[in-house]
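Trainee: all I have is the shape, not the residue letters:
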Ligand code: CA
């Protein structure tokens, strides 16, 4: 998996350079945006496979950039780079559509392994596993070959993380699945503190997108003390 285009959004030159050299050495093609405005311009122009997003930017915050790019319909994985542990709560709590985060100071190795995991699950893993048969439950269709979900015939916009989470639940319909199992299935690596809350945030998003009434879900049910269950 080489040659993918990565957009680095980072105002500090030294930090951006470090990331850029490291990612180029791994075979990635790198674009660098210093501001939120530049980030959105490069995103539209270069269509990168993944975005790394610093939270403190000169013109806006990484939170707002993440919200804006999701609002424009960009579904690429977003890796948030947070300066402090306290920001992690905000990354998870604000429901921005970010897929993962690392806390500075991070090692280049950590960042590249996160990036590879995000790319794998966004673009490769489902097809590689041969899980390409669409799943159908009433008016809901989950098509792993095209990474598309349709509800009553209309496409539902899901991020790659949301898609993978929904697909894993639906592929094991009517069975309770623990948060730890979901993290392993969706992320493919041991997650940091906050991982289980990350699942809850993504579940909340999924319910808003696929349930008729997200407060009274019919498909994605909470299994108290365990995790979640997809009801077919
Ligand atoms: Ca910064």
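Mentor: Arrived safely. Only a predicted model underlies this, so the values are computations on that prediction, with no experimental measurement involved.

Trainee: average pLDDT for the longest helix seen in the chain?
Mentor: Longest helix in the chain, counting residues (DSSP state H): helix 195-210. Regarding helix 195-210, the rounded mean pLDDT is 88.

Trainee: now do the buried residues in it.
Mentor: Buried residues in helix 195-210, counted by 16 or more other C-beta atoms under 10 Å: 195, 198, 199, 201, 202, 203, 205, 206, 207, 209, 210. Yep, even glycine has a C-beta here, placed from its N, CA and C like the rest.

Trainee: name the nearest residue to the third one, sequence neighbours excluded.
Mentor: The one in question is residue 199. In this structure, residue 199 finds its nearest non-sequential neighbour in residue 179, 4.9 Å apart by C-beta to C-beta, 6 or more residues apart in numbering.

Trainee: what's the nearest residue to residue 163 if we skip its chain neighbours?
Mentor: residue 147 (5.5 Å).

Trainee: pLDDT at the one you found, what is it?
Mentor: Predicted confidence (pLDDT) for residue 147: 79.

Trainee: that one against residue 164, yeah?
Mentor: No - when contacts are counted by C-beta atoms under 8 Å, residue 147 is not listed as touching residue 164 (9.0 Å).

Trainee: who has more neighbours out of the two?
Mentor: Counting neighbours by other C-beta atoms under 10 Å for residue 147 and for residue 164 shows that residue 164 has the greater number, 24 against 17.

Trainee: distance-wise, check the more buried one relative to residue 199.
Mentor: 11 Å (C-beta to C-beta, to the nearest Å).
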